[in-house]
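> Fold the following for me, if possible:
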Amino acid sequence: MRTGFLGYAYVALSALCFGTLPILVKIAYGFFPNPLALLSLRLFVAFILIWMLALTACRSSLAVGWRGLAYFAVVGSMGLGFNSIAYFYGLRLVPASLMAVLFYTYPVLVNLFSIVFWREQLTRRRLFTLLSSFTGVLLVTKTYELSASTVNWKGVALSLTAGTIYAAYTLAVQRGVRQHDPLVVNTYVITFGYLPILLLSPPFGWLTGGLEGRLFLLVIAMAVVPTVGAILLYLQGIRSIGAARASLVAALEPMASIVMAYAFLGERLEPVQLIGAGFVLVGVIVLSADGGQLPSTLR
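Model (predicted):
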């Protein structure tokens, strides 16, 4: 009983940690409004931390062969790298709460991709999740108001692009999780996902030049809390309660982001947008109950 309770607690805490990412990025933009540089700094610190953990916890499993390295190079750079770029640039243009909802359509997109490309069966529950999430996005973005000027459509497009890339990346990374320790998968995904961003925006100039104190703390927080810490908590939860149950609890993430955006950023979704967020969340919960699982990899 105690082990099961701790498993749910680990996953719930992981969802809260993942949910802090858009909040921390938004706050960081107040000190340093450069998405690519902030992303580079975040992944630089995460890269160091994840390798320290991997070398301590699963050193013998890090030998994945040339084929494994080639696989992680493609999945990491194309999936994590470009997904993170779209995510960080999207957050410059839309509220953190809106990003949280739009990005969290990715479990439903995974479901859709599985039906289209893997010819999986379109069950009633799956159809419900698609319709529920689609309705939620329409309400959250206020598409029903053709003259809605409060929504930045470029930001919406980047948010949905980030979710779409992450959905494709989720399907691709499933093979790695089946064949390797999840910590090994996360280590190589972060490594190869960081490489294209490192080439575009090396962090060394910012690090050697010094970072303003509060910005330095925010970068550390982004690397520890919604990155390495959230991943490790989720993996620990899966070991205790299984991936299916963990997926249900992990659906707390967008709601956590919305509450924190209200508390720390003063963001307020309109009532109809909150209803839309509810539609998206219900769709994800029904999907998880039908056997759909959320990945235990970096957001």
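> List the contacts of F103.
87, 159, 162-163, 166, 254, 299 (CB atoms under 8 Å, 6 or more residues apart in numbering). Just so you know, the C-beta spots here come from the backbone N, C-alpha and C atoms, and that holds for glycine as well.
> And A28, by the same measure?
38, 215, 218-219, 222.
> switch the cut-off to 10 Å
Residues in contact with A28 (CB atoms under 10 Å, 6 or more residues apart in numbering) are 34-35, 38, 41-42, 88, 91, 214-215, 217-219, 221-222.
> And for P35?
Counting by CB under 10 Å, 6+ apart, P35 has contacts 25, 28-29, 84-92, 201.
> Where does confidence bottom out across the residues you listed?
For the contacts of P35, the least confident position by pLDDT is S201, scoring 89.
> Could you pull up phi and psi at it?
Backbone torsions of S201, given as degrees, to the nearest 10, read phi -150, psi 80.
> next one: V140
phi -60, psi -40.
> residues contacting the nearest residue to it once chain neighbours are set aside?
With sequence-adjacent residues excluded and distances taken as CB to CB, 6 or more residues apart in numbering, V140 is closest to G276, at 3.8 Å. Going by CB under 10 Å, 6+ apart, G276 touches 98, 101, 133, 135-143, 269-270.
> And the pLDDT at G276?
Confidence score, pLDDT, at G276: 92.
> Could you do I190 as well?
92.
> Was I right to think it contacts S77?
No: look at I190 against S77 with CB atoms under 10 Å: they stay out of range, at 11.2 Å.
> re earlier: from the contacts of A28, list the buried ones, please.
35, 38, 41-42, 88, 91, 215, 218-219, 221-222 (16 or more other CB atoms under 10 Å).
> So for stretch 97-109, mean pLDDT?
Rounded mean pLDDT across stretch 97-109 is 90.
> re earlier: against M99, how distant is the residue nearest to V140?
Separation of G276 from M99 (CB to CB, to the nearest Å) stands at 14 Å.
> list the contacts for A251?
Here A251 is in contact with 11, 15, 104, 107, 280-288, 294 (CB under 10 Å, 6+ apart).
> Of those residues, just say which sits nearest to L69.
L294 (25.9 Å; CB to CB).
> Name the SS class of the residue nearest to L215 when sequence neighbours are not counted, please.
Once flanking residues are discounted, L215 sits nearest to F31: 4.5 Å by CB to CB, 6+ apart. Three-state call for F31 (DSSP: H, G, I helix; E, B strand; the rest coil): coil.
> which residue ranges form the helices in the stretch 1-150 of the chain?
Under the criterion DSSP state H, counting those that start in this stretch, the stretch 1-150 of the chain carries helices at the ranges 2-19, 21-29, 35-57, 65-74, 82-91, 96-103, 106-117, 124-140.
> so which of the ones you listed gets nearest P226?
Nearest of the helices of the stretch 1-150 of the chain (CB to CB): helix 21-29, 3.7 Å.
> relative orientation of the closest one and helix 82-91 in degrees?
60 degrees (axes from the mean of the first three to the mean of the last three CA atoms, to 10 degrees).
> winner for burial among the helices of the stretch 1-150 of the chain?
Mean neighbour count (mean count of other CB atoms under 10 Å) peaks for helix 96-103 among the helices of the stretch 1-150 of the chain, with a mean of 28.
> how big is the angle separating that one from helix 21-29?
Going by the same axes, to 10 degrees, helix 96-103 makes 140 degrees with helix 21-29.
> follow-up on the earlier one: adding distance to A230 as columns, could you present the buried ones among the contacts of A28 in CSV?
Output for the buried ones among the contacts of A28, formatted as CSV (distance: CB to CB, whole Å):
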residue, distance to A230
P35, 20
L38, 18
L41, 18
R42, 13
F88, 17
L91, 17
L215, 21
L218, 16
V219, 16
A221, 12
M222, 11
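> Closest to L171 out of these?
Nearest member of the buried ones among the contacts of A28 to L171, counting by CB to CB, is F88, at 22.6 Å.
> Test my guess that the closest one contacts F32.
No: F88 is beyond contact range of F32, at 11.9 Å (criterion: CB under 10 Å).
> Could you list the single helix or strand in the chain with the lowest mean pLDDT?
helix 204-209 (a mean of 67; mean pLDDT, DSSP states H and E).
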